[in-house]
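Participant: Here is my input, please return the structure:
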Amino acid sequence: MVPEPNFQPAKILLVEDNPGDAVLTREAFYESRVQVIFETVENAEDALDYLRDEEIALPDLILMDINLPGMSGLEALTEIKEDPQIKSVPVVVLTTSSANQDILSAYEHYANCYITKPVQFDEFQQAIKSLEDFWFTIVRLPKIK
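Facilitator: So this is what the prediction gives:
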């Protein structure tokens, strides 16, 4: 039996430089059972600025592409996991790469999980549903800040 989802809105920071992929990700979540509040930034530097802004509550989850302009998602991941104020926020790498070296690098940089974006929207939607079920129904996340 699957536990009931948390009915508090989930706050997600989406770090995605492709506007089309950002829209698809938000649409896939809007089909879910969990109410989601999205904040979207297009690069790693903006993500770090957002996360370090003491006036803003931290997200419950970060969805981050690794192929970003400027600082890579892996570099940002390292900074996130080395910062005591934000390191406990789970980071899910959501990217097009299925290369073993990218997967290994993500985990070496302390990603909480790695998901390769499916090409077909229905498969992408199913991947997001699985992510939602896991992170917002099964897993217990701390409230931070």
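
Participant: Give the residue spans of the chain that score low on pLDDT.
Facilitator: By pLDDT under 70, the weakly predicted segments of the chain are 1-7, 144-145.

Participant: for residue 60, what are its contacts?
Facilitator: 10, 11, 12, 89, 90, 135, 136, 141 (Cβ atoms under 8 Å, 6 or more residues apart in numbering). Any C-beta I mention is one placed from the backbone N, CA and C, and that applies to glycine too.

Participant: If the spatially most central residue of the chain is in a bridge, with which residues?
Facilitator: The centroid of the chain falls nearest to residue 63 when counting by Cα atoms, centre = their mean (1.4 Å). Counting by DSSP bridges, residue 63 forms beta bridges with residue 14, residue 92.

Participant: Go ahead and build a ChimeraX selection from the buried members of the contacts of residue 60.
Facilitator: In ChimeraX, this line selects whichever of the contacts of residue 60 come out buried by 16 or more other Cβ atoms under 10 Å:
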select :10,11,12,89,90,135,136
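
Participant: returning to what we had before: just to check, the residue nearest to the centre of the chain is in contact with residue 16?
Facilitator: Yes. Judged on Cβ atoms under 8 Å, residue 63 makes contact with residue 16 at a distance of 7.4 Å.
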